[in-house]
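Colleague: Here's a sequence, model it:
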Amino acid sequence: MEQALQQLRQDAEARVAAARDAAALRQVEIEYLGRGDGKLTVLLAGLPGLPLEQRKSAGQLANEVKAAIITRLNERRATFGQAESDLDVTQPGIAPQVGHRHLVTQAIDEITAIFERIGFQRSRHSEVDWEHYAFAALNMPADHPARDEWETFFVDAEPHSKLGRRVLTPHTSNGQVREMEQRRLPIRMVNIGKCYRRQIDVSHVPMFYQFEGLVVDEGITMAHLVGTLDYFAKAFFGPDRKIRIRPYHFQFTEPSIEIDINCAVCGGRGQLADGKICRLCKQGWLELGGAGMVHPNVLKAGKVDPKKYSGFAFGWGVERCFLMKSGLQIPDIRMLYENDLRFLQQF
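Modeller: Okay, the predicted model is just below:
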């Protein structure tokens with residue numbers, strides 16, 4: 001019995017020394033001193049079977065072993081308590097850094113919500129498509145400058161016998177004919193996706209986002225288009241902003257227009273309060289993007305009868321629209337993709 005008690009003490013003290021935290025220490029205490037099936041309790045259950053003299057000496061030793069184990073437990077527990085006492089639990093913790101959506105993603109979500117409020121449905125189409133959908137179906141002839149390799153990224157892959165070469169979509173307009181092919185009329189969709197062009201400067205990047213609006217129905221007119229764009233401008237840029245339209249030429253719309261918005265810095269005057277010319281717009285207006293009535297040839301490519309149906313379309317850059325928000329005055333579109341946290345964390 002005495003040998004077993006001494007061995008139990010050694011084992012318990014070794015386990016106490018090896019404990020790495022208060023929880024492990026508590027487990028050792030239960031294992032050796034627990035009232036039900038603790039190892040010391042189980043061992044002492046054999047005391048009544050010993051001779052009287054041995055019983056007395058074994059009982060005394062058992063008390064010494066128990067006291068020694070408790071002492072070691074308390075000493076070890078004190079070391080953990082000291083470590084915990086070094087922490088001021090009343091001080092606020094250090095919150096982990098939490099990221100947020102990129103400001104371009106935020107702009108996409110806002111644009112989507114604005115158009116959903118007037119019945120547009122969010123759509124998505126391929127970022128890698130055939131020449132047919134990117135150009136030919138949009139009434140763009142084979143010799144159009146946009147189909148040159150200096151303008152468009154072509155994929156090094158086997159061309160399709162009917163659809164032509166593979167391209168990284170230079171605009172979201174490739175979704176127009178695909179939408180007409182896949183859906184029942186009427187159509188009211190906004191396609192938001194990545195586009196790719198061989199351009200990079202303060203207002204262009206090789207990869208950017210566009211949002212493409214398309215409405216096809218009976219009796220659609222230019223008035224519906226202008227009303228839609230005016231609604232978007234006031235919802236996205238602010239109720240005090242105004243748009244103007246200018247005649248333009250696009251292969252896939254007829255008639256075609258470009259949309260300008262009054263400058264948020266000078267209020268559309270072209271001059272600042274001190275009489276100096278506005279450095280942002282220089283003339284009071286900033287170009288947003290193109291739009292127009294869907295060309296009859298595009299409707300035909302989408303298997304829609306242009307004599308019965310008409311429609312309008314517009315395609316604008318997400319980043320460019322974001323830059324024109326009131327109060328931002330971001331001078332270079334490339335700043336959006338430089339991944340400088342000092343810049344991104346402001347939004």
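Colleague: CA atoms for contacts and neighbours, from now on please.
Modeller: Will do.
Colleague: The stretch 1-150 of the chain: helices as residue ranges?
Modeller: Remark: helices assigned in the stretch 1-150 of the chain by DSSP state H, counting those that start in this stretch are 2-18, 22-33, 39-44, 52-85, 103-116, 131-134.
Colleague: Residue 302 is nearest to which of the ones you listed?
Modeller: helix 131-134 (10.0 Å; Cα to Cα).
Colleague: Can you tell me what sits against the next helix or strand along the chain from that closest one?
Modeller: Of the helices and strands lying after helix 131-134 in sequence (DSSP states H and E), the nearest is strand 166-168. The set of residues that contact strand 166-168 without belonging to it, under Cα atoms under 8 Å, 6 or more residues apart in numbering, is 127-131, 134, 152-157, 159, 195-196.
Colleague: go with 6 Å
Modeller: Outside of strand 166-168, the residues that reach it under the criterion Cα atoms under 6 Å, 6 or more residues apart in numbering are 127, 128, 129, 130, 153, 154, 155.
Colleague: And for stretch 28-47?
Modeller: Outside of stretch 28-47, the residues that reach it under the criterion Cα under 6 Å, 6+ apart are residue 55.
Colleague: Now do it: distance from first to last residue.
Modeller: 23 Å (Cα to Cα, to the nearest Å).
Colleague: mind listing what's buried in it?
Modeller: Judged by neighbour count using 16 or more other Cα atoms under 10 Å, the buried positions of stretch 28-47 are 28, 29, 31, 32, 33, 39, 40, 41, 47.
Colleague: Can you pull out the low-pLDDT segments for the chain?
Modeller: Under the criterion of pLDDT under 70, the regions of the chain flagged as low confidence span 81-89, 280, 329.
Colleague: Phi, psi for the residue positioned nearest the centre of it please.
Modeller: Here the mean C-alpha position of the chain is nearest to the C-alpha of residue 101 (Cα atoms, centre = their mean), at a distance of 4.4 Å. As for residue 101, its main-chain torsions (degrees, to the nearest 10) stand at phi -60, psi 140.
Colleague: And residue 261, how far from residue 286?
Modeller: Separation of residue 261 from residue 286 (Cα to Cα): 5 Å.
Colleague: In terms of neighbours, single out the busier of those two.
Modeller: A count of neighbours by other Cα atoms under 10 Å puts residue 261 above the other of residue 261 and residue 286, at 22 against 19.
Colleague: Surely that one is within a helix?
Modeller: No. With DSSP: H, G, I helix; E, B strand; the rest coil as the criterion, residue 261 is strand rather than part of a helix.
Colleague: Quick check: bridge partners of it?
Modeller: Bridge pairing for residue 261 (DSSP bridges) gives the partners residue 243, residue 286.
Colleague: The one 10 residues further on now?
Modeller: In this structure, residue 271 bridges to residue 277 when assessed by DSSP bridges.
Colleague: Got the phi and psi for the residue lying closest to residue 332 once chain neighbours are set aside?
Modeller: By the measure of Cα to Cα, 6 or more residues apart in numbering, the closest residue to residue 332 outside its immediate chain neighbours is residue 202, 4.6 Å from it. Note on residue 202: its backbone torsions stand at phi -60, psi -20 [degrees, to the nearest 10].
Colleague: Residue 331 is in contact with residue 202, correct?
Modeller: No. Applying Cα atoms under 6 Å as the test, residue 202 and residue 331 come out as separate, 7.4 Å apart.
Colleague: For residue 328, see how far away residue 262 is.
Modeller: From residue 262 to residue 328 the distance is 15 Å (Cα to Cα).
Colleague: The two: which has the busier surroundings?
Modeller: For the pair residue 262 and residue 328, the greater number of neighbours falls to residue 262 (22 against 11), based on other Cα under 10 Å.
Colleague: Touching, the more buried one and residue 269? I think so.
Modeller: No. With contact taken as Cα under 6 Å, residue 262 and residue 269 are classed as non-touching, separated by 8.3 Å.
Colleague: which one of the contacts of strand 166-168 is nearest residue 274?
Modeller: Nearest to residue 274 among the contacts of strand 166-168, counting by Cα to Cα, is residue 153 at 45.8 Å.
Colleague: burial count for the closest one?
Modeller: For residue 153, the count of nearby residues is 19 (other Cα under 10 Å).
Colleague: That one: what's it in contact with?
Modeller: 167, 168.
Colleague: which phi and psi does it have?
Modeller: Dihedral angles of residue 153 (phi, psi; degrees, to the nearest 10) stand at phi -90, psi 110.
Colleague: what about stretch 202-210, distance to the chain center?
Modeller: The chain centre lies 18 Å from the centre of stretch 202-210; the measure is Cα atoms, centre = their mean, to the nearest Å.
Colleague: Likewise for stretch 39-50?
Modeller: Going by Cα atoms, centre = their mean, the spacing between the C-alpha centre of stretch 39-50 and its chain's C-alpha centre is 66 Å.
Colleague: returning to what we had before: just the helices of the stretch 1-150 of the chain: most buried one?
Modeller: Mean neighbour counts were compared across these using mean count of other Cα atoms under 10 Å; the top stretch is helix 131-134, at a mean of 24.
Colleague: Closest to residue 224 out of the buried residues of stretch 28-47?
Modeller: With Cα to Cα as the yardstick, the closest approach to residue 224 among the buried residues of stretch 28-47 comes from residue 28, at 78.6 Å.
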